[in-house]
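Colleague: from the sequence below, what's the structure:
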Amino acid sequence: MRELSIVIPTYNESDNVAPLLEKLTAALSGVDWEVIFVDDNSPDKTWQRVADLAATDARVKILRRVGRKGLSTACIEGAMMASAPVIAVMDADMQHDERVLPAMFKKITDENCEIVVGTRYAAGGSVGEWNAARTLMSKTATKLGAVLLGKNTVSDPMSGFFMLRSALFAETVERLSGEGFKILLDLLTSARRPLAIGEVAYTFRLREHGESKLSLGVLCDFGLLLADKTVGKYVPARFLLFVAVGLLGVGVHLGCLAALYSTGFVFAQSAATLAAMVVNFFLNNAFTYADRSLKNLRRGLALFILICGLGALPNIVLAGYLYEVSHLYWLLAGALGMLVSAVWNYAVSQHFIWRRRN
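Modeller: Numbers count the residues shown, from 1 in each chain. You can find the predicted model right below:
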């Protein structure tokens, strides 16, 4: 049995996998390890590069995922493939310092830690050459994430570089949300007891090849994880994001209606409705369902317009009933009708347009 399984999620990292394998080999001398690359069907065929390496190195494994995306779910699936009693998670871009892996492993095996975090914010650690904007963004996210941790506090809850006992992963896996890109925060908040936590400081390095994955969509995923861990027991976090996008659509609708009103109300209302649907579709595809984003946008947009059109019917019927029969205040009646429409649109869109593919 291997002593250590290293899970590395990848997307367009073909130039990095071979150099990273060399670095792991140098750093982990004396440790029986394996590395599991989980690739989300990269256009640059990272999965093929890893498969070529696996053909000559028994320590290398590849899981190619087709039709689904997401760093957290990639880490979860990779960890479920692990054969060792200790699992490490790190990025493929070599920004995480593989030279501290032995120190992390020692804390697990010799100091009885259940999870060890590679931290940029403890003494001896650093974010390296980040600019002021990215530093501020990271520290803000760290403070927001710390609010959820309770007793399992760490200096760098947003770290993507950590090691844990496979028994702890098995204990928490059924409670993991899989939302967003911060799997460590997901793990720590899913634990229902205080954990034996260790930290090892490291300096975050600059990426040598490829492009950074940091984007507005990634930040949106982080918000989705925070929402899931706070209100997810009561309302699906993705539904809240769906509603937030819908509210932006209301703004688009009203803006278009005002701009086109002089052409006639019926035309202006129709154009505004269509514009709002189109904007909502593309925002949902980019953010709400970033992990399931569609390739066939024409088909998806046509289905979304159909679904939203059907969703308008229960909205109108309920709102009319509440106003005419129950004599409910018109604004409240309209709001309740919109809520029913939102629930319909969310449920049907998730099932027929952005369904999860296993």
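Colleague: and the next helix or strand past the least confident helix or strand in the chain by mean pLDDT?
Modeller: Scoring the helices and strands of the chain by mean pLDDT, DSSP states H and E places helix 216-231 at the bottom, with a mean of 59. Taking DSSP states H and E as the definition, the helix or strand that follows helix 216-231 towards the C-terminus is helix 237-260.
Colleague: next, the buried residues of that next one.
Modeller: Of the residues in helix 237-260, those scored as buried under the neighbour-count criterion (16 or more other Cβ atoms under 10 Å) are 237-246, 249, 252-253, 256-257, 260. Quick note: C-beta positions are derived from backbone N, CA and C, even for glycine.
Colleague: next: stretch 23-30.
Modeller: Applying a neighbour-count criterion of 16+ other Cβ under 10 Å, the buried positions in stretch 23-30 are 23-24, 28.
Colleague: tabulate the residues you listed (JSON lines), appending distance to residue 303.
Modeller: Written out in JSON lines, the entries for these read as follows (distance: Cβ to Cβ, whole Å):
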{"residue": "23", "distance to residue 303": "46"}
{"residue": "24", "distance to residue 303": "45"}
{"residue": "28", "distance to residue 303": "49"}
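Colleague: chain neighbours aside, what residue packs nearest to residue 59?
Modeller: The shortest distance from residue 59 to any non-neighbouring residue, by Cβ to Cβ, 6 or more residues apart in numbering, is to residue 34 (4.8 Å).
Colleague: the one you found contacts residue 87, doesn't it?
Modeller: No: taking contacts as Cβ atoms under 8 Å, residue 34 lies outside contact range of residue 87: 10.3 Å.
Colleague: joint contacts of the two?
Modeller: Residues touching both residue 34 and residue 87 (Cβ atoms under 8 Å, 6 or more residues apart in numbering): 4-6.
Colleague: let's have the residues you listed in JSON lines, adding pLDDT, distance to residue 269 and secondary structure.
Modeller: JSON lines is the format used below for these (pLDDT from 0 to 100; distance: Cβ to Cβ, whole Å; DSSP: H, G, I helix; E, B strand; the rest coil):
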{"residue": "4", "pLDDT": "98", "distance to residue 269": "62", "secondary structure": "strand"}
{"residue": "5", "pLDDT": "98", "distance to residue 269": "58", "secondary structure": "strand"}
{"residue": "6", "pLDDT": "98", "distance to residue 269": "57", "secondary structure": "strand"}
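Colleague: quick check: ChimeraX command selecting the buried ones in those residues.
Modeller: In ChimeraX, selecting the buried portion of these, with burial taken from 16+ other Cβ under 10 Å, looks like this:
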select :4,5,6
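Colleague: low-scoring stretches of the stretch 1-150 of the chain, by residue?
Modeller: In the predicted model, the stretch 1-150 of the chain carries pLDDT under 70 at residues 128-131, 133-150.
Colleague: residues contacting the residue nearest to residue 59?
Modeller: In this structure, residue 34 makes contact with 2, 4-6, 59-61, 82-84, judged by Cβ under 8 Å, 6+ apart.
Colleague: what secondary structure does it sit in?
Modeller: For residue 34, the secondary-structure state derived from DSSP: H, G, I helix; E, B strand; the rest coil is strand.
Colleague: go on, residue 193?
Modeller: coil.
Colleague: that one and residue 114, how far apart?
Modeller: In this view, residue 193 and residue 114 are 10 Å apart by Cβ to Cβ, to the nearest Å.
Colleague: more crowded one of those two?
Modeller: Legend: neighbour count by other Cβ atoms under 10 Å for residue 193 and residue 114, higher for residue 114 (21 against 8).
Colleague: residues touching the more buried one, list them.
Modeller: Neighbour list for residue 114: 108, 164-165, 167-168, 195-197 [criterion: Cβ under 8 Å, 6+ apart].
Colleague: give me the phi and psi angles of the closest residue to residue 297 other than its chain neighbours.
Modeller: Once its chain neighbours are removed from consideration, residue 297 has its nearest residue in residue 285; the separation is 7.3 Å (Cβ to Cβ, 6+ apart). With angles defined as degrees, to the nearest 10, residue 285 shows backbone torsions of phi -70, psi -30.
Colleague: hang on, residue 285 packs against residue 303?
Modeller: No: under the criterion of Cβ under 8 Å, residue 285 lies out of contact with residue 303, with a separation of 11.6 Å.
Colleague: quick one: which of those two has more around it?
Modeller: residue 285 (20 against 17).
Colleague: measure that one to residue 190 for me?
Modeller: Computed with Cβ to Cβ, the distance linking residue 285 and residue 190 is 28 Å.
Colleague: and if you look at residue 343?
Modeller: For residue 343, the distance to residue 190 equals 27 Å [Cβ to Cβ].
Colleague: helices along the stretch 51-200 of the chain, start to end?
Modeller: Taking DSSP state H, counting those that start in this stretch as the criterion, the stretch 51-200 of the chain carries its helices at 71-81, 101-109, 132-146, 166-172, 183-190.
Colleague: and those helices as a markdown table, adding mean neighbour count and distance to residue 153?
Modeller: What follows is the helices of the stretch 51-200 of the chain, written out as a markdown table (neighbours: other Cβ atoms under 10 Å; distance: least, Cβ to Cβ, whole Å):
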| stretch | mean neighbour count | distance to residue 153 |
| --- | --- | --- |
| helix 71-81 | 22 | 21 |
| helix 101-109 | 20 | 17 |
| helix 132-146 | 14 | 7 |
| helix 166-172 | 16 | 17 |
| helix 183-190 | 24 | 9 |
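Colleague: distance to residue 38 added to those, as CSV?
Modeller: Output for the helices of the stretch 51-200 of the chain, formatted as CSV (distance: least, Cβ to Cβ, whole Å):
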stretch, distance to residue 38
helix 71-81, 4
helix 101-109, 18
helix 132-146, 23
helix 166-172, 14
helix 183-190, 12
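Colleague: alright, I will stop here.
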